[in-house]
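Trainee: Give me coordinates for this.
(one chain, ligands or ions: 1)
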Amino acid sequence: MSFERRTYLSLLLLLLLIVLPLATSACGPGNGGGEPGEEPGGEPEPEPEPEQSWVRPNVGTLDPAGAELTTIRAGVEAMKARPASDPTSWLYQANMHGTYDTPALDAWNSCQHGSFFFLSWHRMYLYYFERILRDASGDPDLALPFWDYTDPAQRAIPAAFRDPAAPANPLFVAQRAPGINQGAQVPASATTFTTAMTFTNFSSATGSGLSFGGQRVPAPVHFGGVFGQIESQPHNIIHVVVGGQSGWMSDPNMAARDPIFYFHHANIDRLWNVWLARGDGRANPSEQNWRTQTFTFFDETGTAIQMTGEEVVDSAQQLHYTYAEGSGDQPQPEAIGTTESLPSAPFTDDRQEILVEKKVSARLAGKGADVAFSIPVAETEAIGDEDGRTTLVLEGIRFGRPGIYYEVYAGLPAGQTATPESPYYVGNVAIFGQLEDGSDAHAGHEAGAKSLSGGATLSYDITDLVARLRGREGFSGDMALHFEPRGLEMPEDQPGLEAIPAAREVRIETVKIVRE
Ligand code: C2O
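Mentor: Have a look, this model is predicted:
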């Protein structure tokens with residue numbers, strides 16, 4: 001090193017020694033570098049101390065008796081021991097999602113469903129829940145694991161949640177679908193996210209579920225009636241099959257009392273990151289109200305915190321957590337779902353043409369059901385040849401809690417088995433957010449957007465399917481719908497468990513084909 005260079009460096013060091021103490025005292029204690037609210041401008045900042053960051057693990061890689069799950073059990077137990085009036089207690093946190101308890105305390109019943117706030121609200125909720133759990137566990141390294149049910153080896157709920165099947169296990173609850181605590185598996189078609197990933201648009205027009213993240217709404221909606229793609233599948237379906245007809249997970253006012261809720265939502269939150277990482281135009285919403293709408297949470301000291309969407313768009317940078325590897329990180333063709341030519345361009349929202357609208361008043365009662373439906377052949381001419389996309393929209397869905405879901409098929413030839421590997425498979429029907437009778441879990445709370453009280457809406461991209469059908473010789477426009485019930489796959493050593501329980505009726509009022 002030359003003499004000049006050494007002198008220069010020592011001068012720089014001297015300068016730093018003088019300036020640094022001044023700078024830190026000006027900042028004051030407790031004002032960590034890089035946090036929002038820092039003074040802009042001035043000298044370039046010295047590198048901030050790297051903050052701790054956490055990797056949320058894949059629960060399938062954890063030993064049920066190992067250190068990670070042991071501290072999680074300790075944290076859950078400590079939270080459960082706190083009184084319901086304490087914002088850091090298990091019950092208070094669960095009631096923030098939804099509850100029947102009255103009077104409602106601050107921020108209870110605030111979960112966001114059926115709109116583009118779904119992903120952001122649940123990310124914030126999990127973030128503060130995890131901080132509270134970490135603090136309660138006494139383990140500063142605790143990170144909330146995710147349940148990767150799309151991994152064929154993980155279709156039963158993790159062993160730690162059902163073994164031992166006793167109240168002494170803080171992760172066990174009896175209020176789950178029959179079979180779940182015996183190791184029943186959720187069906188493969190309940191676990192795929194292939195279709196959601198193909199959508200490159202985060203949000204869609206009010207009333208449209210044709211986006212990864214959901215419909216745009218002007219203000220928060222506790223239970224909106226129009227579900228975006230990732231919320232419908234796998235989110236809603238997993239709630240429905242894990243909770244069954246009378247367990248907690250299928251009831252939005254009880255779901256967050258079941259510890260599996262948080263592991264399920266860590267996976268949904270992870271899939272948001274997986275989606276972004278796929279690029280190709282996938283981006284977080286730029287809508288001002290999505291970015292700046294505030295929601296209330298509580299930190300580990302019980303202090304109320306306001307949080308906004310723009311503070312949670314990047315989990316690694318802003319919230320200091322990432323995810324261990326799971327399904328979807330290595331894109332690979334899944335057995336189920338169309339992987340080829342689904343949406344490459346975003347839905348533009350600027351054109352919505354109803355090609356067919358039919359009141360079907362379908363009643364589904366746990367058996368395969370067929371609903372006559374057709375599309376004028378002339379209308380199918382352009383499908384697949386132009387940019388627009390063709391969608392099947394089911395409206396006025398009163399789902400209640402049947403404990404099962406229905407696979408939807410269109411144009412399935414007579415005598416062919418309804419299997420999700422078939423080219424006639426459209427998607428699934430399940431709703432999370434309604435009570436037994438199909439009514440809204442919290443009617444009348446919200447203004448501005450269509451709520452569940454008119455029944456729910458689900459939408460499916462069928463561009464490829466219609467293009468395929470019309471290419472068949474003698475295609476007359478027949479698109480008869482078939483609904484196939486799917487329940488849990490029961491363990492073989494447990495005879496007597498019903499995969500499809502005596503079903504509560506599911507109703508679907510209207511079927512539409514819409515070109516966008
Ligand atoms: Cu707010 Cu999975 O629910």
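
Trainee: Could you use CA atoms for every contact and neighbour count after this?
Mentor: Noted.

Trainee: pLDDT below threshold where in the stretch 351-500 of the chain?
Mentor: Within the stretch 351-500 of the chain, the set of residues satisfying pLDDT under 70 comprises 351, 382-387, 440-454.

Trainee: The chain now?
Mentor: In the chain (pLDDT under 70), the answer is 1-44, 331-351, 382-387, 440-454.

Trainee: quick check: longest strand of it.
Mentor: Counting residues, the longest strand found in the chain (DSSP state E) is strand 353-364.

Trainee: Just give the number of residues close to D493.
Mentor: Summarising burial for D493: neighbours were counted as other C-alpha atoms under 10 Å, giving 8.

Trainee: and what of V356?
Mentor: Number of residues near V356 (other C-alpha under 10 Å) recorded here: 16.

Trainee: Dig out what it forms beta bridges with.
Mentor: The residues listed as beta-bridge partners of V356 by DSSP bridges are I513.

Trainee: Check which element follows the host helix or strand of D464 along the chain.
Mentor: Taking DSSP states H and E as the criterion, D464 maps to helix 463-470. Scanning the chain past helix 463-470 towards its C-terminal end, the next helix or strand to appear is strand 481-486 (assignment: DSSP H and E).

Trainee: Helices of the protein, start to end?
Mentor: In the chain, helices defined by DSSP state H lie at 3-27, 67-80, 90-97, 118-137, 194-198, 229-230, 237-243, 260-277, 288-292, 315-319, 377-380, 463-470, listed in chain order.

Trainee: could you redo those helices as TSV and give each row mean neighbour count and distance to G403?
Mentor: Formatted as TSV, the entries for the helices of the chain read as follows, by neighbours: other C-alpha atoms under 10 Å; distance: least, C-alpha to C-alpha, whole Å:
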stretch	mean neighbour count	distance to G403
helix 3-27	11	56
helix 67-80	20	27
helix 90-97	24	21
helix 118-137	22	23
helix 194-198	23	23
helix 229-230	28	20
helix 237-243	27	6
helix 260-277	21	16
helix 288-292	16	33
helix 315-319	15	33
helix 377-380	13	36
helix 463-470	19	28
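
Trainee: looking at these, which is closest to G326?
Mentor: With C-alpha to C-alpha as the criterion, G326 lies closest to helix 260-277 of these, at 8.7 Å.

Trainee: Next, the angle helix 118-137 makes with that closest one.
Mentor: With axes from the mean of the first three to the mean of the last three C-alpha atoms, to 10 degrees as the criterion, the two stretches helix 260-277 and helix 118-137 enclose an angle of 130 degrees.

Trainee: helices or strands up against helix 260-277?
Mentor: Helix 260-277 makes packing contacts with helix 118-137 when contacts are defined by 3 or more C-alpha pairs under 8 Å, 6 or more residues apart in numbering; DSSP states H and E.

Trainee: on contacts alone, who are the packing partners of the helix it packs on?
Mentor: Under the contact criterion of 3+ C-alpha pairs under 8 Å, 6+ apart, the helices and strands touching helix 118-137 comprise helix 67-80, helix 260-277, strand 294-298.

Trainee: between those, which one is nearest to W90?
Mentor: Once these are compared by C-alpha to C-alpha, helix 67-80 is nearest, at 4.9 Å.

Trainee: ok, residues contacting that closest one?
Mentor: Residues outside helix 67-80 that contact it (C-alpha atoms under 8 Å, 6 or more residues apart in numbering) are 62-64, 88-91, 133-139, 142, 160, 169-171.

Trainee: if we go to 10 Å?
Mentor: Contacting residues not belonging to helix 67-80 are listed as 57, 59, 62-64, 81, 86-93, 130, 132-139, 141-145, 160-161, 168-171, 257, 259 [C-alpha atoms under 10 Å, 6 or more residues apart in numbering].

Trainee: ok, R401 - contacts?
Mentor: Under the criterion of C-alpha under 10 Å, 6+ apart, the contact partners of R401 comprise 240-241, 243-247, 250-251, 430-438, 503-506.

Trainee: Now, of those, which are buried?
Mentor: In terms of neighbour count (16 or more other C-alpha atoms under 10 Å), the buried residues within these are 240-241, 243-247, 250-251, 430-436, 438, 503-506.

Trainee: Okay, and which of those residues map to strands?
Mentor: Assignment to strands by DSSP E places the following of the buried ones among the contacts of R401 there: V506.

Trainee: shouldn't G213 be in contact with H235?
Mentor: No - using C-alpha atoms under 10 Å as the test, G213 is too far from H235 to be in contact (11.6 Å).

Trainee: the more surrounded of the two?
Mentor: Between G213 and H235, counting by other C-alpha under 10 Å, G213 is the more crowded of the two (30 against 22).

Trainee: How about the contacts made by the nearest residue to that one once chain neighbours are set aside?
Mentor: Here the nearest residue to G213 in space, its sequence neighbours aside, is F202; by C-alpha to C-alpha, 6 or more residues apart in numbering that works out to 4.8 Å. Residues counted as contacts of F202 (C-alpha under 10 Å, 6+ apart) are 116, 210-216, 228-229, 272, 275-276, 281-286, 346.

Trainee: Adding distance to E51 as columns, could you present the helices and strands packed on helix 118-137 in TSV?
Mentor: Supplementary listing: those in TSV, determined by distance: least, C-alpha to C-alpha, whole Å:
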stretch	distance to E51
helix 67-80	21
helix 260-277	21
strand 294-298	21
